[in-house]
Structures are given as C-alpha cells and as structure tokens.
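K.L.:
I need the structure of the sequence given here:
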Amino acid sequence: MILKTNFPPKTSYEDQVIAMLEVLRSVIPDKNSIYISIPLTSGKRFIDWHDENNSKFTRAENNLENSLLSVIEDNKRYAKDIVRKLRNRFSEIFIDPLALPNINGWSQDDYRDFWGRVVERYAKTVVCTNDWNYSSGCTYEFLVAKQNKILTVDETCGFISTEEGIRQIKLAIKEMESCKLPTGFLKNVVDALTEIKVEETVCTN
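P.N.:
I've put the predicted structure just below:
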C-alpha cells in the first residue's frame with residue numbers, strides 16, 4: 001500500500017486555522033517568538049520502536065495508533081524537559097506546539113499547515129530539537145523557516161544551514177527506507193530545500 005503524500009500540506013479547516021492564528025496575533029507580535037520544533041508521533045524514537053518490535057504494519061498518516069502511545073509519551077516527556085531548559089535560559093516568547101491538545105477531526109496535514117503558518121508569521125528563530133530530521137512536521141517547519149529566512153538552530157543554539165538540514169534529512173530518509181517506512185514527504189522537503197540552496201549559492205556568488 002502506498003500512502004498518499006500531500007505536499008505542501010493544506011488544511012481542510014481553513015476557518016479554524018485563521019481563527020487560531022488571530023488568537024496568537026493578539027498576544028505575540030509578528031516575527032517575535034522562538035518556535036520549538038519537536039517530533040510527536042514520529043522521530044528517532046518511532047524508528048527505534050519500529051525496529052525493536054519488527055513492526056510490519058503500514059503507518060497511516062492521519063491516525064495516532066494506540067500502539068504508538070509509548071512513543072508519543074516519550075516524545076512529550078523529552079519535549080517538556082527541553083522547553084523548560086530553553087525557557088530558563090532565554091526570556092523571549094516561546095511557542096511550544098505540543099502544548100496544543102488534539103483537535104477533533106484534524107489530520108497531520110491540518111497540523112502541518114497550521115504550524116507552518118505559525119512559523120512563517122510569528123517565529124524569529126526555530127529551534128530544531130534532536131531527531132527533528134526524522135519528523136515530517138519538523139522538516140516542514142524547517143523548510144518554512146528557510147523559505148522565510150528565519151534563523152534555524154539546534155538545541156545548543158548552533159546554526160543549522162540549509163545544506164546541513166538537507167544532509168540530516170537524507171540520513172533520516174536512508175534509515176527509514178531500511179525499515180521500509182514511508183519517506184515521500186521528507187523527499188519532497190529535500191527537493192524544496194535543494195532549490196533554496198541553489199538560490200543561496202547564486203546570491204553569494
């Protein structure tokens with residue numbers, strides 16, 4: 001079975017997305033926050049879980065399978081710790097996407113579209129947490145940041161260039177393919193980032 005890959009992702013709940021963006025605008029000035037990009041349903045923890053359990057199912061893009069609850073909870077615990085550390089270190093406004101509860105009816109495309117728009121409008125910096133390159137949502141947020149010339153850094157606040165981002169995502173794709181996991185979305189992100197890299201090279205020459 002081949003999973004359908006929607007790229008770029010588009011929400012089916014445009015009115016809800018616009019309303020939520022306006023709520024954020026009431027408390028966050030444009031381009032004035034630090035966005036924490038964190039895997040939730042995927043990431044390296046999912047790869048490790050898949051490998052350890054020799055799973056043979058095809059992962060549905062629009063569902064949070066009960067069998068992955070442990071992965072999700074581990075991701076949430078890690079996220080809570082890293083967000084706390086960053087907030088203790090910096091005084092800026094932080095946007096933590098994992099603080100948003102599940103919204104009835106929303107698919108992964110809806111979340112990807114929404115958080116991509118949040119990054120585009122409100123982020124001045126995107127912090128890519130460990131294993132971001134394995135996550136469709138995080139890689140898309142990285143792409144949106146690069147498209148809008150928003151600073152991208154790792155957990156130690158080290159700069160992540162477009163070239164380095166491409167390299168890391170390709171490594172994730174290779175590992176995921178060895179586990180027979182879908183990589184279509186990540187490949188689309190790499191293609192889009194490659195176009196940006198070409199533009200960056202032209203501008204510096």
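
K.L.:
quick one: low-confidence parts of the protein?
P.N.:
Across the chain, the ranges flagged by pLDDT under 70 are 1-5, 42-45, 49-68, 205.

K.L.:
Name the nearest residue to the residue positioned nearest the centre of it, sequence neighbours excluded.
P.N.:
Nearest to the centroid of the C-alpha atoms of the chain, with distances taken as Cα atoms, centre = their mean, sits Cys138, at 1.3 Å. Residue nearest to Cys138 in three dimensions, not counting chain neighbours: Trp132, with 3.9 Å by Cβ to Cβ, 6 or more residues apart in numbering. Any C-beta I mention is one placed from the backbone N, CA and C, and that applies to glycine too.

K.L.:
any idea where the strands of this protein begin and end?
P.N.:
Along the chain, the stretches classed as strands by DSSP state E are 33-37, 93-95, 123-128, 151-153.

K.L.:
In a markdown table, list those along with distance to Lys174 and mean neighbour count.
P.N.:
Compiled in a markdown table, these are given as follows (distance: least, Cβ to Cβ, whole Å; neighbours: other Cβ atoms under 10 Å):
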| stretch | distance to Lys174 | mean neighbour count |
| --- | --- | --- |
| strand 33-37 | 21 | 23 |
| strand 93-95 | 31 | 17 |
| strand 123-128 | 19 | 22 |
| strand 151-153 | 22 | 18 |
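
K.L.:
Could you dump those into TSV with distance to Ile103 added?
P.N.:
Compiled in TSV, the strands of the chain are given as follows (distance: least, Cβ to Cβ, whole Å):
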stretch	distance to Ile103
strand 33-37	19
strand 93-95	16
strand 123-128	21
strand 151-153	26
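
K.L.:
hang on, the earlier thing: and the residue nearest to the centre of the chain, how far from Pro29?
P.N.:
Using Cβ to Cβ, to the nearest Å, we find Cys138 at a distance of 24 Å from Pro29.

K.L.:
And the residue nearest to the centre of the chain, how close does it get to Ser161?
P.N.:
Taking Cβ to Cβ as the measure, Cys138 and Ser161 are separated by 16 Å.

K.L.:
ok, now Asp191?
P.N.:
Asp191 is 17 Å from Ser161, where distance means Cβ to Cβ.

K.L.:
cool, Tyr78 as well?
P.N.:
25 Å.

K.L.:
Name the residue in those two with the higher neighbour count.
P.N.:
Between Tyr78 and Ser161, Tyr78 has the larger neighbour count (other Cβ atoms under 10 Å), namely 18 against 12.
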